[in-house]
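Trainee: can you look at this prediction? I've put the sequence above it.
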Amino acid sequence: MSNVLERFRGISEMEFYQNAIKIRHEMSHFLMSEKNMPKRWRSVYAYPIINKVQEMIDTIMDANRIVAYSPELLNDRKQGFQDAIELTDKIFERLQGAVQDVWWDMLHSEPGSPGYQNRLRIEKHVAEIGVLLEYEERLLKGCKYKSKLVKRK
């Protein structure tokens, strides 16, 4: 635990991992709630999206485990981060598919209609998850470009 106030802290070197865990948490709570995702759609959208998020976390951890003592290892590390970036895009695409198939009618309800409160709730969650995914992509790109050869002592 740091004694520095949170607002004064910089980005930690493992921020990409912490953000990925936050994405998994938010995505799981959002997609596994009956109010947000009906059970009949969970096998089509919720489970595959959550599995992709877990795959992204595993890929991030595998890439971060590689210590680049040689150019080949450096390329493997960068490729691991690139694979994680591609997974964030796939997660975003699947979430967009769920928006079109599951929530389309709800997201086009007019103010004052019975489903308008649901629209606001879904919009809020999807926007928050979208911001987290974009932030994760920026963090992973930064890690990819900051990866350098490590000299042995």
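Mentor: Received it, and whenever you're ready, just let me know what you need.
Trainee: starting at the chain centroid, how far to the lowest-mean-pLDDT helix or strand in the chain?
Mentor: In the chain, no helix or strand scores lower on mean pLDDT, DSSP states H and E than helix 104-107, which sits at a mean of 82. The chain centre lies 23 Å from the centre of helix 104-107; the measure is C-alpha atoms, centre = their mean, to the nearest Å.
Trainee: check which helices and strands it sits against.
Mentor: Judged by 3 or more C-beta pairs under 8 Å, 6 or more residues apart in numbering; DSSP states H and E, helix 104-107 is in contact with helix 116-146. The way it works is simple: take the backbone N, C-alpha and C, and place the C-beta from them, glycine included.
Trainee: give the rounded mean pLDDT of the helix it packs on.
Mentor: Helix 116-146 shows a mean pLDDT of 93 in the predicted model.
Trainee: can you pull the buried residues of it?
Mentor: Within helix 116-146, the residues that count as buried by 16 or more other C-beta atoms under 10 Å are 118-119, 122, 125-126, 129, 132-133, 135-137, 139-140, 143-144.
Trainee: quick one: the helices in this protein, in order.
Mentor: Secondary structure of the chain (DSSP state H): helices at 15-31, 39-41, 47-65, 71-101, 104-107, 116-146.
Trainee: which strands and helices lie in contact with the fourth one?
Mentor: The contact analysis (3+ C-beta pairs under 8 Å, 6+ apart) places helix 71-101 against helix 15-31, helix 47-65, helix 116-146.
Trainee: taking helix 116-146 as reference, get the angle to the shortest one.
Mentor: Between helix 15-31 and helix 116-146, the angle comes out at 160 degrees (axes from the mean of the first three to the mean of the last three C-alpha atoms, to 10 degrees).
Trainee: can you give the contact residues for helix 15-31?
Mentor: 12, 36-37, 42, 45-46, 49-50, 53-54, 56-57, 60-61, 64, 91, 98, 125, 128-129, 132-133, 135-136, 139-140, 142-143 (C-beta atoms under 8 Å, 6 or more residues apart in numbering).
Trainee: okay, angle between that helix and helix 47-65 too, please.
Mentor: 170 degrees.
Trainee: list the buried ones in helix 15-31?
Mentor: For helix 15-31, by 16+ other C-beta under 10 Å, it's 16, 17, 19, 20, 23, 24, 26, 27, 30, 31.
Trainee: out of the residues you listed, which comes closest to residue 76?
Mentor: Nearest to residue 76, judged by C-beta to C-beta, of the buried residues of helix 15-31 is residue 16 at 17.2 Å.
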